[in-house]
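Enquirer: How does the following fold in three dimensions:
(one chain, ligands or ions: 1)
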Amino acid sequence: MTEEAVCVVICKSKRGQAQSIAEEICQQAAEHGFTADISCLSKHDKYNLDSESRPVVFVVSTTGDGDPPDTALKFVRKIKNKSLPHDHLSHLRYALLGLGDTNYANFCNGGKTIDSYLQKLGAKHFYATGHADDGTGLEVVVDPWIEGLWDALKKAFSTMSTSDQQTLSDCTQDSNHQNASDQKKNLEVDLQLLKLSEVDSPKGKTVTSDSIATEIGSTSSVASLKESVPPLSESVLNVPALPPSYLEILLVGTENVEETVLPDKDGYFEVPISKAVQLTQDDAVKTAILLELDISQQQEQVYQPGDAFDILCPNRDSEVEELLLKLDLQMQKNCTVQVNLLKNTSKKAAKVPLHIPQNGSLQFILTWCLEIRSTPKKAFLRALVDFTQNASEKRRLLELCSKQGSADYNSFVRDSSVCVLDLLRAFPSCCPPLSLLFEHLPKLQPRAYSAASSSLQHPGKVHLVFNVVEFPARPEHPARKGLCTGWLVDHVSSILEPHGTALASERPGTSALPKVHVRARPSSTFHLPSDPCVPVVMVGPGTGVAPFIGFLQQREKEREANQEATFGEMWLFFGCRHKDKDFLFREELEKFVHNGTLSHLIVCFSRDEPDAAETVNRPTYVQHNLILHAKNLAKILLEDKGCLYVCGDAKNMAKDVNDTLLEIIGNELQLDKLDAMKIVAGLREDKRYLQDIWS
Ligand code: FAD
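Expert: Coordinates of the predicted model:
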């Protein structure tokens, strides 16, 4: 096949998912006889859509607010320009893969925005748009979308050469694409059979797919991470192409290597944790902890209530040690690591990952730079196969990354949050080289926490509140805590004060305080309205109350300083499980009510038994209380031009609150759901319905 050229344009986010998907597309393009270049949307000199004659593939991520990432803003402004003629991009043939998360409002809006402006300028799809959902797993849409891309490209090239004017079918599709031709499927099946017939058993005997299938099928009747059952165990498999390796790692020196320390860079500063208090009773279902960080020495760390702080956290020592043991690298953990690009790698646009420092020690890199708890992608599983000795284990890894094994991958890898260490435990004959981990493990991301204080009330300090995340034991992995929250709770154990300790109390003594690396993460919108007369409704159950404590402290100080001024009403809808166990900031909230800062505190307790005397059903969750106050809420939002703030759990609460808001507005204005949705969209656009939600 002659090589046809494709241009892949990406709109990157901080997490780098669009980048790795674009790289995957480029890699596969070569295998399908295409050449492909990657350009970032922000690098305007690297591509020119105005004269692009190659088909273009866009991979577009979305930020939490539903906007395209910063890298795309200039591009979006350009294609939004109303003075451009409607056929400005009529020469352009493109496909677009949008990345988003249905836990957030405006799912895939970054991709949808770019898609709609390209269409308005006359550009044509050569392949249906894909919308991948990080909430359920990007790969559910991404893998089949890429699989179908190649046939669509072939058709696009033939269409473009026979009739450049002919338009291609124009449709949008959110679900799996099954576009690969039967002919290509057959080819893959043949190739896979060939690969399987080359699998070596531990004794060096060559085994066929049939014999491996029989072996596995006969040992178990219940599927698990390690074991499969028919029909999968007897299937011929389509597996992803082996990702080319591209890194070469050198471990240098074992003695006298200085301990690598986290540099104060990228805006991070090391600050003391001056206080840590358990906010919940010992028998509460979840443990919430308040940290007070002393940021008085850091001029750069100014913040407003509504902003958050990023915290750098390390991987757990025990997990790093076990990983070193599994990789047979325990003796080299203090070696300096030099990372180079492998000469002659066939990987397109190969680069040494920026998050891996040169000359850091191996232990440092595994502890601070790589997300070793991340869920391995199918390409990683495929790569692990070649470093696995045992034939049954090889077969199971192939199944888990295969098209036929998708359901097993989803339930035993993705939904079980399996990490590379869990795989190495489950498949003990697998011993990958370090380079493979460096190629496939993403950057260890900081975790964000909303400021739960105002600097007017606590100069030089910021308060953060978090729940210690607990993952129960599963067949695939032992019980564990969330990475950052589990680390923080251990890290502050020497200064942790019990439930009931007054926040204002001074810590006796000046014993060495634990420290943490933090960086302010300002919000562009989640702040108190600039006009203090505007009424405010805050919905923040559990730790979602954090930013509202900051709002209220700020408002309390503003009221003290401007006693003659008029301030809008403040409503807070709070909820937790038990009034006496996890009612966070109870005394402080009651004080705000008492001194008039908080006009209405409306609470609910989802697990408290109703009193015997109660005749009506008590509200269980915040949305039930919103319904009870529907008239006030509608008046505040629709007549008084007030603001609604929602903070906390993205998975359930934010969706339920959104549905309740639609119901309230629909009932109040006698509108059907669609029209109510338009009103709510308008509130969002006016920045009067703001969310700070996380999952
Ligand atoms: P991780 O180890 O990162 O696990 C987090 C998620 O991964 C889990 O929720 C789960 O979905 C999945 N997961 C990982 N391992 C498993 C497993 N074995 N089994 C099942 N699921 C698994 N949090 C607060 O508590 N307070 C705040 O004020 C706050 N503010 C935030 C503000 C912003 C802007 C953002 C983006 C997030 C905020 N968060 C807040 C969330 C916080 O950043 C972290 O995500 C949270 O604390 C969990 O971090 P972790 O490292 O302990 O958990």
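
Enquirer: show me where pLDDT drops low in the stretch 401-550 of the chain?
Expert: Applying pLDDT under 70 to the stretch 401-550 of the chain flags residues 503-511.

Enquirer: ok and the residue in it nearest the ligand?
Expert: In the stretch 401-550 of the chain, the residue that lies nearest the ligand is residue 482 (2.2 Å; C-beta to the nearest ligand atom). Using the backbone N, CA and C atoms, a C-beta is placed for each residue, glycine as well.

Enquirer: Need phi/psi at that residue.
Expert: Per-residue torsions, residue 482: phi -50, psi 150 (degrees, to the nearest 10).

Enquirer: In three-state terms, label residue 6 for me.
Expert: Secondary structure assignment for residue 6 (DSSP: H, G, I helix; E, B strand; the rest coil): strand.

Enquirer: if I pick the residue of the stretch 401-550 of the chain closest to the ligand, what's in contact with it?
Expert: 468-471 (C-beta atoms under 8 Å, 6 or more residues apart in numbering).

Enquirer: The residues you listed in strands, which ones?
Expert: With strands taken from DSSP state E, the overlap with those comprises 470-471.

Enquirer: Out of the contacts of residue 482, which two sit at the greatest distance?
Expert: 468 and 471 (10.9 Å; C-beta to C-beta).

Enquirer: which neighbours do the two share?
Expert: 481-482.

Enquirer: Show me which residues of the stretch 401-550 of the chain are close to the ligand?
Expert: Within the stretch 401-550 of the chain, the positions near the ligand by C-beta under 6 Å from any ligand atom are 417, 447-450, 465-467, 469, 471, 477, 480, 482-486, 543, 546.

Enquirer: Just those residues: which are in helices?
Expert: Among those, DSSP state H puts 483-486, 546 in helices.

Enquirer: Most neighbours out of these, which is it?
Expert: The most crowded member of those, judged by other C-beta atoms under 10 Å, is residue 546 (27 neighbours).

Enquirer: That residue and residue 462 touch, don't they?
Expert: No - in this structure, residue 546 is not within contact of residue 462 by C-beta atoms under 8 Å, at 10.9 Å.

Enquirer: what's the overlap in contacts for the two?
Expert: Shared contacts of residue 546 and residue 462 (C-beta under 8 Å, 6+ apart): residue 451.

Enquirer: In terms of secondary structure, what does whichever strand or helix holds residue 275 contact?
Expert: Using DSSP states H and E, residue 275 sits within strand 269-278. Using 3 or more C-beta pairs under 8 Å, 6 or more residues apart in numbering; DSSP states H and E, the elements in contact with strand 269-278 are strand 288-294, strand 496-497, strand 515-521.

Enquirer: Can you tell me the number of residues neighbouring the residue lying closest to residue 471 once chain neighbours are set aside?
Expert: With C-beta to C-beta, 6 or more residues apart in numbering as the criterion, residue 471 has its nearest non-adjacent residue at 5.2 Å, and that residue is residue 480. By other C-beta under 10 Å, the residues close to residue 480 number 19.

Enquirer: still on that earlier bit, who wins on neighbours among the contacts of residue 482?
Expert: The contacts of residue 482, ranked by neighbours (other C-beta under 10 Å): first place residue 468, 18 neighbours.

Enquirer: my guess is it meets residue 491, correct?
Expert: No - look at residue 468 against residue 491 with C-beta under 8 Å: they stay out of range, at 11.8 Å.

Enquirer: And the helices and strands packed on strand 269-278: which comes nearest residue 72?
Expert: For those, the distance to residue 72 is smallest for strand 515-521, at 20.0 Å, taking C-beta to C-beta.

Enquirer: From the contact counts, what lies against the following helix or strand past that closest one?
Expert: Next helix or strand after strand 515-521 toward the C-terminus (DSSP H and E): strand 536-539. Applying 3+ C-beta pairs under 8 Å, 6+ apart, one finds that strand 536-539 contacts helix 546-561, strand 570-576, strand 643-649.

Enquirer: relative to strand 288-294, how tilted is the first one?
Expert: Put simply, helix 546-561 runs at 50 degrees to strand 288-294, going by axes from the mean of the first three to the mean of the last three C-alpha atoms, to 10 degrees.

Enquirer: Next, report how far helix 546-561 is displaced from the centre of its chain.
Expert: Taking C-alpha atoms, centre = their mean, to the nearest Å, one finds helix 546-561 lying 31 Å from the centre of the chain it belongs to.

Enquirer: Which single residue of the stretch 251-400 of the chain ends up nearest the ligand?
Expert: Nearest to the ligand, among the residues of the stretch 251-400 of the chain, is residue 308, at 4.4 Å (C-beta to the nearest ligand atom).

Enquirer: hang on, that residue in a strand?
Expert: Yes - the assignment for residue 308 by three-state DSSP puts it in a strand.

Enquirer: Which residues does it form beta bridges with?
Expert: Beta-bridge partners recorded for residue 308 (DSSP bridges): residue 450, residue 521.
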